[in-house]
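following is a predicted model, sequence given first.
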Amino acid sequence: MSGDPDVRVGEALDALAEATPLVNALTNEVTVNEVANCVLHWGGLPVMSDDEREVADMVAGAQACLLNMGTVSETGEAAMVAAGEAAADHGVPVVVDPVGVGATPTRDRVAERLVTDLDVAVVKGNYGEVTALAGADSEVRGVESVGEYADIAETAMALAARVDAVVVASGEVDVVATEATAHEVHVGDPAMGRVVGTGCMLGGTLAAFAGSDLDVHRAALAGTTAFGLAGEAAADGAFGEYHGPASYAVAFLDAVAGLAKTEPSADGRIERVVER
């Protein structure tokens, strides 16, 4: 089956810019700056509060919350749970990025706690992480997905049904799934995979879009699509010449900031592959 769910990226970007959502991101130490800039350049307001003493108060005034478990610690876990509980109390959508789940028992336990104990709007992970969290066989080395995942659409749908959230599985072809449907999003460029932090930035992107006035499913589709289109625009040189991963990373953030001015279109790039 195929079909474009009428994801109008330009309109979604305009809605995000108009809403200017405050996004509280608890993200890993490696990518704090990248995630903050990505949220800002999409039109949101990033705040990176990760102290359990204040995080609930900060989330109470936010429009979205990102929980990224890239650098797991006891204090980080406690802060993420406190943030997630505050989000539930105030109707703030939560995006969980279960970085490295499937690699160690600690990450498995923390990820399971986040998606089970908290009210989650979106789960975003690579193919291996989504598969591991769904309880299927996966191969995750460190925080990277390896192996083949031919059934990733069905797996993402199964996870969406179990945790009652939209699931975004990032890979060569991104998959956005609910318990009833799965779409493949055919956007992006291989250069994105050569920059540390693009996965975390996608999580921040999804939180920013979820903090706008779009419903969660459409926000996930629009955010995933916009992110890939920015990656393509940067790779095409539309936002400056680049010479390798470092300069590409700069061009990518420039593309995020300028994508709305390029009249971005997803026509023919989104395919519904499963529907129940």
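Cool, the structure landed. Numbering: from 1, shown residues only.

after the lengthiest helix in the chain, which helix or strand is next?
As assigned by DSSP state H, the longest helix anywhere in the chain is helix 216-235. Scanning forward in sequence from helix 216-235 by DSSP states H and E, the next helix or strand is helix 245-258.

buried stuff in that following helix?
248-249, 251-257 (16 or more other C-beta atoms under 10 Å). Bear in mind the C-beta positions are built from the backbone N, C-alpha and C, glycine included.

same deal with stretch 68-86?
Within stretch 68-86, judged by 16+ other C-beta under 10 Å, the buried ones are 68-70, 72, 76-77, 79-86.

so where's the chain shaky on pLDDT?
1-6, 137-148 (pLDDT under 70).

put the alpha carbons of stretch 159-179 into PDB.
In PDB, the C-alpha atoms belonging to stretch 159-179 read as follows (Å, rounded to 0.1, in the frame of the first residue of the first chain):
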ATOM      1  CA  LEU A 159       6.300  -1.400  20.000                       C
ATOM      2  CA  ALA A 160       3.800   1.500  19.400                       C
ATOM      3  CA  ALA A 161       0.900  -0.800  20.500                       C
ATOM      4  CA  ARG A 162       2.800  -1.900  23.600                       C
ATOM      5  CA  VAL A 163       3.800   1.600  24.900                       C
ATOM      6  CA  ASP A 164       0.800   3.500  23.400                       C
ATOM      7  CA  ALA A 165       3.000   6.000  21.500                       C
ATOM      8  CA  VAL A 166       4.100   6.900  18.100                       C
ATOM      9  CA  VAL A 167       7.400   5.200  17.200                       C
ATOM     10  CA  VAL A 168      10.100   6.600  14.900                       C
ATOM     11  CA  ALA A 169      12.700   4.100  13.800                       C
ATOM     12  CA  SER A 170      15.600   5.900  12.100                       C
ATOM     13  CA  GLY A 171      17.700   4.300   9.500                       C
ATOM     14  CA  GLU A 172      18.500   4.400   5.800                       C
ATOM     15  CA  VAL A 173      14.700   4.700   5.400                       C
ATOM     16  CA  ASP A 174      13.000   6.100   8.400                       C
ATOM     17  CA  VAL A 175       9.800   4.500   9.700                       C
ATOM     18  CA  VAL A 176       7.000   6.300  11.600                       C
ATOM     19  CA  ALA A 177       4.500   3.900  13.200                       C
ATOM     20  CA  THR A 178       1.400   3.800  15.300                       C
ATOM     21  CA  GLU A 179      -0.300   0.600  16.400                       C
END
